[in-house]
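Peer 1: Got a predicted structure plus its sequence, pasted below:
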Amino acid sequence: MTTRANTYRYSDRFIRAWTIVLCIAIVVLPISGIFYGATLGSDYQEWQGWLAGGLMLGGVAVPLLIGAVLGGEAIRRGGGVVGALFAAGLVGGPTGSGFGILWLAVAGYVALALGVIGFFVIGFAAKVPIWIGSREAPIASWNEPK
């Protein structure tokens, strides 16, 4: 196994630790919201329903936002803005589509597209290896270390 040079602003240890924390949160928080909601019964208070829903939705959206912002910042200073745009689009587009809110769907998908393009641009500028496909069989590859 060959070791690669770290082209990111954060250390491999920092990236690995945050990845583990966010992956655990994105599984545990929504599941705890489901279990909590399932135990409420029919005479629950409104705030209890909001808490269950918040754990389910926020348990996915918040770790996603944190991961996207940290990912952008790992690539380039100020890249967290691109990450926030990506995460907002990833949540906003499908939410707008699901609830029939046209302006939210359009704005979300535009933000998602701009976030994807923004990640590609800042990654290319920072000389981060980029593969479309896999490392073993890339369809296209840029900035790949020699």
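Peer 2: Ah, there it is. All values reported here derive from a predicted model rather than from experimental measurement.
Peer 1: now the longest helix seen in the chain, how far from the centre of its chain.
Peer 2: Identified as the longest helix of the chain according to DSSP state H is helix 46-75. In terms of C-alpha atoms, centre = their mean, to the nearest Å, the centre of helix 46-75 is set 9 Å apart from its chain centre.
Peer 1: What's the first helix or strand after it?
Peer 2: Counting by DSSP states H and E, the next helix or strand C-terminal to helix 46-75 is helix 80-99.
Peer 1: Now do that following helix, average pLDDT.
Peer 2: Across helix 80-99, pLDDT averages out at 95.
Peer 1: CA-only coordinates of that helix in PDB, if you can.
Peer 2: Presented in PDB, the C-alpha positions along helix 80-99 are these (Å, rounded to 0.1, in the frame of the first residue of the first chain):
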ATOM      1  CA  GLY A  80     -17.100  26.000   3.900                       C
ATOM      2  CA  VAL A  81     -19.300  28.400   2.000                       C
ATOM      3  CA  VAL A  82     -19.300  26.000  -1.000                       C
ATOM      4  CA  GLY A  83     -20.100  23.100   1.500                       C
ATOM      5  CA  ALA A  84     -23.000  25.000   3.000                       C
ATOM      6  CA  LEU A  85     -24.400  25.800  -0.400                       C
ATOM      7  CA  PHE A  86     -24.100  22.100  -1.300                       C
ATOM      8  CA  ALA A  87     -25.700  20.900   1.900                       C
ATOM      9  CA  ALA A  88     -28.500  23.500   1.600                       C
ATOM     10  CA  GLY A  89     -29.300  22.400  -1.900                       C
ATOM     11  CA  LEU A  90     -29.100  18.700  -1.000                       C
ATOM     12  CA  VAL A  91     -31.800  19.300   1.700                       C
ATOM     13  CA  GLY A  92     -33.800  22.100   0.100                       C
ATOM     14  CA  GLY A  93     -34.300  20.600  -3.400                       C
ATOM     15  CA  PRO A  94     -35.900  17.400  -2.400                       C
ATOM     16  CA  THR A  95     -37.800  19.100   0.500                       C
ATOM     17  CA  GLY A  96     -39.300  21.600  -1.900                       C
ATOM     18  CA  SER A  97     -40.100  18.800  -4.400                       C
ATOM     19  CA  GLY A  98     -41.700  16.700  -1.700                       C
ATOM     20  CA  PHE A  99     -43.900  19.400  -0.200                       C
END
